[in-house]
Each structure stands twice: as C-alpha cells, then as structure tokens.
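Visitor: Give the three-dimensional model of this entry:
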Amino acid sequence: MSNGTASLPDEADVVIIGGGITGCASAYNLAAKKVSVVLLERGAIAGEQSSRAWGFIRKQGRHPAEVPLAAEASRMWVHLQEELQADIEYVREGILAPAETEADEAAWRESVRIAAMHGLSTRLLSAREVEALLPQMKGNWRAGLYTPDDGHAEPRKATEAFAAAAARRGAKLFPNTGVTRIELANGRVSAVHTRQGTIRAGAVLCAAGLGTAAIARSVGISLPIHAIRLPVAETEKTTPFTQLAIWAPDVALRPTGRNTFYIGSGFHSKSGDLDVTLDALRHFKLFLPRLKENQRLVNIRVGTALLRSFAGGINSNAEAEPAINDEIVERNTRGFRERSRHHAPLGRANRRDSRYDSDHRGASGGGEFLYRGGL
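Guide: Predicted coordinates for the structure are as follows:
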C-alpha cells in the first residue's frame, strides 16, 4: 500500500474512488480476478465513515429489497477473519431490538413476516424471553425482535484488513490522493485526474461515501445523497455484560473487543443533525417524504454547511471532522446508565477526536467520547 508519495501508475483496468469498506472490499475481490486495480482515497484508508459505523452486521429489520444482499453478506462475514488473516473483532451472538409498546411489537411482527419469506432466523421473543436473554437491561418489555446469527465487528479493523489483503493480491492503494475530476471520451470514462496525476482507466467505481454525489454530478449523474451527523459515545473499560448488540427504544449499544461499549441513539430517539445543503435543496421533493416521516428523529440545521456547499465541485481534501451534538451524547449515555442494572453512574472523561458514523438512515457524521465510571 502506498503511503501517498509513490507515483501513480499510468493506467489501470479499474479505478476505485474511496478507501472505505466498500472500496477496499471491491479492490480485494477485483484483484482476485486478476483485474488491475488502483484505489484512490482523499484522506486515510478507513478515515471517514467506515471507521465510525456502529458495526452491526444485521439482516433483521431491513427493507425487503435489502434482505437478500444482507443475508449473503452475513454468510461472508463468518469466514472473513480467516480469509483476511486479521482480527476484525467479529462476534456472532445476535442482535436484539426490545419493544415496549403495542405499535413497536406490531412493527416487529411485520419484520418477522418479511424475514420468514427469506428464510431468516429472525423471531419474535416474548417479554419473558427478552428478560432471560438480557437480564441486565431494565424495561417494560412487551416483545423483542431477535436474530441469533446476526452480529457485529469493528469497522475500522475490517476496512484496514480488506485494504491490506487487497494490496497482497496486487491492488495499488493510494491514500491522501484526492480525485479532482473524471474525464470522459465519447460518453465513456477514459481517465481519472487527481492532485498527484492522471490515470487512464476504462472503468471507475465510485465508493466515496459523502463525496459520491459531487463526483457523480461532475459527469452528469444526479444522486440524492445527504448527510446526517449522528453522535456515538464509547464507555471506559468495563466488563461487558453481554455480547449482544442492542437497539432499544431510547439507546443502542454494542460491546467492543476493548472491553468497552459503543452507545448510540435508540429507534425512538432524536438521533442527530441534518445540515441543509444545496444537495438537500436539489432533491427536496425526494427528501421531503422521508423528512416528514422521520422529522422527530433529526434536528434540521441551516448554517455554515449550506454556505460551504455553494462552493460546488469535488472536494479532493479529507473531510473535516464534524461538529458533535453534546446534548444527544449526554442523553444516550444517561439512557445507557438508567437502563443498565448493577452499574455505577458514568462520569465524563476526556473528549477524543470526533469521528464519523453511519447507520441505516445513510451517510453521517458523529463524535466519540469516553466516559469514566464503575460499569
């Protein structure tokens, strides 16, 4: 893997834009087919969303159109640590979404119906079964959506493992190499231009996360992509009381391989901030129905993000660290404390660098905190 100072090759069969998990996994699999691959990343490999995701590996609760792909991906994760020759902290102990209301129970019943159509192991637990599976969490549980063969992994480690394995197969990866434009000839891709030089290529795979919309727009393709900043917290070291990943009404959590928990928003909690930009305005008619449906889950912000978006063009520099919503972080941490039995209160520790996060609502930004306390 290049450190960003090596010279770019003159040409490649495929140029991949984006060094997140999608780009690195694609480079790994293309290289296995003896395709010459060059991957370009504007910052560090796994430096943005793919190092900041929750790490849930799930089939349950998906839109019906997503289920077959999620099921196939789940089967692949089982053997990835061995295949990639790396510890990616993969744990297959299930994901549980407990419900406290009749409406949530009805929604989970519909999820079970969809899962059964695809042969998944997802099932609806009774209140007693939820309590038995997760006795350390308090709640007036009515039911729980549970998929025992779902799991979780560490996104940064998984992405870096794919990158290293792709390089071993002959793919060439260039971090700190931002794309400035894609060149077309007779309506087809002919080259990719970067700050460091130009690569001729007959195919381009754009896996640039938040940057994808601007890159696509530069070649006349309009994609409705918008960012939501979702803050995530991490506890100080503790003895994890479960290996399950949990998505509760007011808090989400999963254990890590560092004896900590990641803490995020629950499925009924206000999750983050939607910064209005030109992309949001361009696709207003598409975003509006989802915004109405989920307006209680996000804060709408009009400010500097809108002004910055007027600059237009492709941002070939690493994305700036996002602002953190301290209020949401504090609320989620409070919810974790109140839900968790037999654990002392958490105290605020030193703030770390903010980090990106993403979840089922799309690409997003967030922040990382550490919290002290006798967990």
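Visitor: Report pLDDT for residue 265.
Guide: Looking at residue 265, its pLDDT stands at 93.
Visitor: Just to check, it is in contact with residue 233?
Guide: No - under the contact definition of C-beta atoms under 8 Å, residue 265 does not touch residue 233, with a separation of 10.3 Å. The way it works is simple: take the backbone N, C-alpha and C, and place the C-beta from them, glycine included.
Visitor: what is in contact with those two at once?
Guide: Taking C-beta atoms under 8 Å, 6 or more residues apart in numbering as the contact definition, residue 265 and residue 233 share the neighbouring residues residue 332.
Visitor: Lowest average confidence across helices and strands of this protein, where is it?
Guide: strand 369-373 (a mean of 29; mean pLDDT, DSSP states H and E).
Visitor: residues of the longest strand seen in the chain that come out buried?
Guide: The longest strand of the chain (DSSP state E) is strand 197-206. Along strand 197-206, these residues count as buried under the neighbour rule (16 or more other C-beta atoms under 10 Å): 198, 199, 201, 204, 205, 206.
Visitor: Same check on stretch 302-309?
Guide: Neighbour counts using 16+ other C-beta under 10 Å place 305, 309 of stretch 302-309 among the buried residues.
Visitor: Kindly provide the whole-number mean pLDDT of it.
Guide: The average pLDDT for stretch 302-309 rounds to 82.
Visitor: which residues touch it?
Guide: With contact meaning C-beta under 8 Å, 6+ apart, stretch 302-309 is reached by 275, 276, 277, 278, 279.
Visitor: Just the ones in strands from the residues you listed, please.
Guide: Secondary structure assignment by DSSP E places residue 275 of the contacts of stretch 302-309 in strands.
Visitor: out of the contacts of stretch 302-309, which one sits closest to residue 214?
Guide: Of all the contacts of stretch 302-309, residue 214 sits closest to residue 279, with 8.4 Å by C-beta to C-beta.
Visitor: Pull the number of nearby residues for the nearest residue in space to residue 67 that is not next to it in sequence.
Guide: Distance criterion C-beta to C-beta, 6 or more residues apart in numbering; nearest residue to residue 67, sequence neighbours excluded, is residue 118 at 4.7 Å. Here the number of neighbours of residue 118 (other C-beta atoms under 10 Å) works out to 14.
Visitor: Now do residue 361, the pLDDT please.
Guide: If you check residue 361, the pLDDT there is 29.
Visitor: wait, residue 244 sits on residue 92?
Guide: No - taking C-beta under 8 Å as the definition, residue 244 is not a contact partner of residue 92, at 10.8 Å.
Visitor: out of these two, which sits in the busier spot?
Guide: Taking neighbours as other C-beta under 10 Å, residue 244 and residue 92 compare with residue 244 leading, 23 against 15.
Visitor: which ones are touching the more buried one?
Guide: Neighbour list for residue 244: 93, 94, 95, 96, 133, 134, 254 [criterion: C-beta under 8 Å, 6+ apart].
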